[in-house]
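Engineer: Provided below are the primary sequence and the corresponding predicted coordinates.
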Amino acid sequence: MPRCQTGWRQATGCQSVVTALCLLALVLAGARCTLLAQENPLDRAQTPTAPPAPKTPEETRPVLEGGDNVARQATSRRDARIRVDVNLVLVPMTVTDPMNRLVTGLEKENFQIFDNNIPQKIKSFSTDDAPLTIGIVFDLSGSMNSKFMRARKALSEFLRTCNPQDEFFVVGFNDRPAVIVDYTSDVDDVEARMVMLKPENRTALIDAVYLGVNKLRDAKYERKALLIISDGGDNRSRYTENELRRSVRESDVQIYSIGIFDQYAPTEEEQLGPILLTDISEMTGGRLFRVMDMNDLQDIATRVSAELRNEYVIGYAPSEVKKDGNWRKLKVRLLPPAGLPPLTVHNRQGYYAPSQ
């Protein structure tokens with residue numbers, strides 16, 4: 001009998017030890033998950049200390065793709081470019097009415113396009129919702145703390161109302177920018193990563209946009225857009241405004257901005273923030289949307305998505321072909337149907353001609 005009691009006590013003791021070890025393992029696993037959730041990829045980010053090497057003429061040229069079969073020649077290879085014999089300049093644009101509402105249903109004959117003030121013959125006209133690559137530049141500076149939850153929901157609303165074939169990446173920034181989510185078409189990937197982030201520190205807006213524009217050079221689709229969500233100006237970047245503007249002009253990226261600005265900006269950089277975002281957006285054919293009421297944020301994000309899905313894309317072969325690498329000014333004139341109010345067209349301001 002004593003022998004049996006001793007064996008029972010030993011077994012009970014072993015079970016207690018095993019139970020304790022299991023509980024300890026669960027506690028350690030929970031702590032590890034908490035640390036991973038609190039990990040901020042921006043802490044590991046490094047801002048480039050110098051601009052990248054000068055681009056070759058092939059890299060700096062805009063969307064100068066040619067032929068009526070552009071869509072059939074498109075490829076998903078990131079390092080591939082369409083090579084054709086005839087250059088076709090593609091100009092995406094949106095049209096709005098006096099109430100700033102999107103206007104759809106216009107036809108080819110409602111548009112005239114000018115290249116360096118020379119009228120051009122429109123060779124292609126499209127309103128298809130073709131997939132595109134979209135880079136998100138998301139402000140994670142400390143001033144976004146009270147706005148972060150709604151801004152994150154607005155981003156989710158934007159992504160879920162885009163073309164299901166679109167691909168995305170997210171650049172987050174505070175003191176420095178970092179790629180938070182690399183190229184994906186899965187909205188859940190983006191949402192899962194954004195949940196783990198926490199706004200803090202200062203605002204390197206210019207560096208973040210610069211990073212986003214350059215990353216779009218690896219885009220899968222020819223149509224490329226950048227969406228900036230920020231609440232203020234820059235107070236931390238290494239790149240300058242002029243360097244950013246030059247990079248934007250050389251790209252074929254369309255930029256939209258959602259500005260969550262304070263009504264009374266206390267600092268000079270916060271006062272200049274809206275000016276910078278307006279400039280770089282309008283020069284690409286995009287726009288800045290100001291958020292006056294945080295309750296409107298998701299509606300504005302949905303509106304940006306709708307504009308990207310309802311663009312007119314005009315293609316023309318320049319009548320004056322000069323491979324001099326110079327800036328060529330674009331102008332679009334509307335010839336709307338009778339009875340419509342005055343309309344406004346939004347298109348990029350120009351492009352660089354190829355240099356060879």
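Structural biologist: Happy to help now that I have it. Everything numeric in this text was worked out from a predicted model, so none of it was measured.
Engineer: Quick one: end-to-end length of stretch 219-228, please.
Structural biologist: 17 Å (CA to CA, to the nearest Å).
Engineer: if I pick the closest residue to Arg348 other than its chain neighbours, what's in contact with it?
Structural biologist: Using CB to CB, 6 or more residues apart in numbering and skipping residues adjacent in sequence, the residue nearest Arg348 is Gly285, 4.1 Å away. Just so you know, the C-beta spots here come from the backbone N, C-alpha and C atoms, and that holds for glycine as well. Contacts for Gly285 were tallied using CB atoms under 8 Å, 6 or more residues apart in numbering; they are Val91, Pro92, Met93, Thr94, Gln254, His346, Asn347, Arg348, Gln349.
Engineer: go on, Asp279?
Structural biologist: With contact taken as CB under 8 Å, 6+ apart, Asp279 is in contact with Arg245.
Engineer: Give me the pLDDT for it.
Structural biologist: pLDDT recorded at Asp279 is 95.
Engineer: Now do the phi/psi pair for it.
Structural biologist: phi -60, psi -50 (degrees, to the nearest 10).
Engineer: In the stretch 101-250 of the chain, where is pLDDT below threshold?
Structural biologist: Judged against pLDDT under 70, the stretch 101-250 of the chain has no low-scoring part.
Engineer: need the strands for it, in chain order.
Structural biologist: Applying DSSP state E, counting those that start in this stretch to the stretch 101-250 of the chain gives strands spanning 111-115, 118-120, 122-126, 133-139, 167-173, 177-184, 224-230.
Engineer: Present these as TSV; the columns should include mean neighbour count and distance to Ile258.
Structural biologist: Compiled in TSV, these are given as follows (neighbours: other CB atoms under 10 Å; distance: least, CB to CB, whole Å):
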stretch	mean neighbour count	distance to Ile258
strand 111-115	18	28
strand 118-120	15	33
strand 122-126	16	27
strand 133-139	25	10
strand 167-173	24	14
strand 177-184	19	17
strand 224-230	26	5
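Engineer: Looking at those strands, spot the one closest to Tyr264.
Structural biologist: strand 224-230 (17.3 Å; CB to CB).
Engineer: Sheet-wise, list the partners of that closest one with their directions.
Structural biologist: strand 133-139 (parallel), strand 253-259 (parallel) (DSSP bridges).
Engineer: Select from the contacts of Gly285 every entry located in strands.
Structural biologist: Cross-referencing these against strands under DSSP state E gives Val91, Pro92, Met93, Thr94, Gln254, His346, Asn347.
Engineer: and the gap between the closest residue to the last one other than its chain neighbours and His346?
Structural biologist: Of all residues not flanking Asn347 in the chain, Met93 sits nearest, at 3.8 Å (CB to CB, 6+ apart). Separation of Met93 from His346 (CB to CB, to the nearest Å) stands at 6 Å.
Engineer: What of Thr133?
Structural biologist: Thr133 sits 20 Å away from His346, going by CB to CB.
Engineer: what do you get for Asn174?
Structural biologist: Counting by CB to CB, the gap from Asn174 to His346 is 31 Å.
Engineer: So for these two, which sits in the more crowded spot?
Structural biologist: The residue with more neighbours, out of Asn174 and His346, is Asn174; 26 against 19, by other CB atoms under 10 Å.
Engineer: That'll do, ta.
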